[in-house]
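K.L.:
here you go, sequence then predicted model.
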Amino acid sequence: MNYTDVINTLKKATLFDLYRLSVAIRHEMENPARIQQVRQSFKIGDHITYFDELSNSLQSASVIQKNPKYAVVQNSQDQKIWRIPYYLLNLAHMKVDINAYHREPLTKNHLKVGDCVGFNKDGEEIVGIIIRLNYKTVTLMTKDHHRWRVSYPVLFRVIDADIIKAFDPKQLAQWIAEEKDSARE
């Protein structure tokens, strides 16, 4: 499924249309036959990926336990144990990124934690790594450890390996973990 095309189609829908679709989708996500089909397609100990809403990205994990409505997994990156509904599992290895068309403003759907973005502040270009996706803004950290909250429409993607290399991966992982923990509290 091309999620970019689906999102662009949904932009034309009314709020009521979106609500009605969300109800129908929720019913399908809770369908016992679908859940059973997913449960039978993997076993305890398998390495899987699941979609994390907070980071807007796939996470890698190992299955520890299978319950009637949830899988218990251990995240490969932070080793934390999570109980997640089966509909979060990406067993078909689908591409989950939603891309912005050229010159289209970025939204929460287009970005994920760890992306490198920039914005202009009084003529100065500020570049950082996203450590949290908020409702109306992103929280990003610059290489000089300055934290910014910036609205989505003013952001632009930065594809510069030298800028990304300037960040200490361990420090970046710590910032992201701290933001994730505070968001889940």
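P.N.:
Arrived safely. Numbering: from 1, shown residues only.

K.L.:
could you dump the lowest-mean-pLDDT helix or strand in the chain to PDB, C-alpha only?
P.N.:
Least confident helix or strand, the chain: helix 161-165 with a mean of 73, by mean pLDDT, DSSP states H and E. Taking C-alpha atoms only, helix 161-165 is exported to PDB below (Å, rounded to 0.1, in the frame of the first residue of the first chain):
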ATOM      1  CA  ALA A 161      26.300  13.500   6.100                       C
ATOM      2  CA  ASP A 162      28.800  15.900   7.600                       C
ATOM      3  CA  ILE A 163      26.100  17.500   9.700                       C
ATOM      4  CA  ILE A 164      24.800  14.200  10.900                       C
ATOM      5  CA  LYS A 165      28.300  12.900  11.800                       C
END
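
K.L.:
ok, and for the helix or strand that that helix is followed by, which residues are buried?
P.N.:
Sequence-wise, the next helix or strand downstream of helix 161-165 (DSSP states H and E) is helix 169-184. By neighbour count on 16 or more other C-beta atoms under 10 Å, the buried set for helix 169-184 is 172, 175, 176, 179, 180. C-beta coordinates here come from the backbone N, C-alpha and C atoms, glycine included.

K.L.:
of those residues, closest to residue 91?
P.N.:
residue 180 (23.6 Å; C-beta to C-beta).

K.L.:
spit out the contact partners of the residue lying closest to the closest one once chain neighbours are set aside.
P.N.:
Using C-beta to C-beta, 6 or more residues apart in numbering and skipping residues adjacent in sequence, the residue nearest residue 180 is residue 54, 5.9 Å away. By C-beta atoms under 8 Å, 6 or more residues apart in numbering, the contact set of residue 54 is 113, 132, 133, 180, 183, 184.
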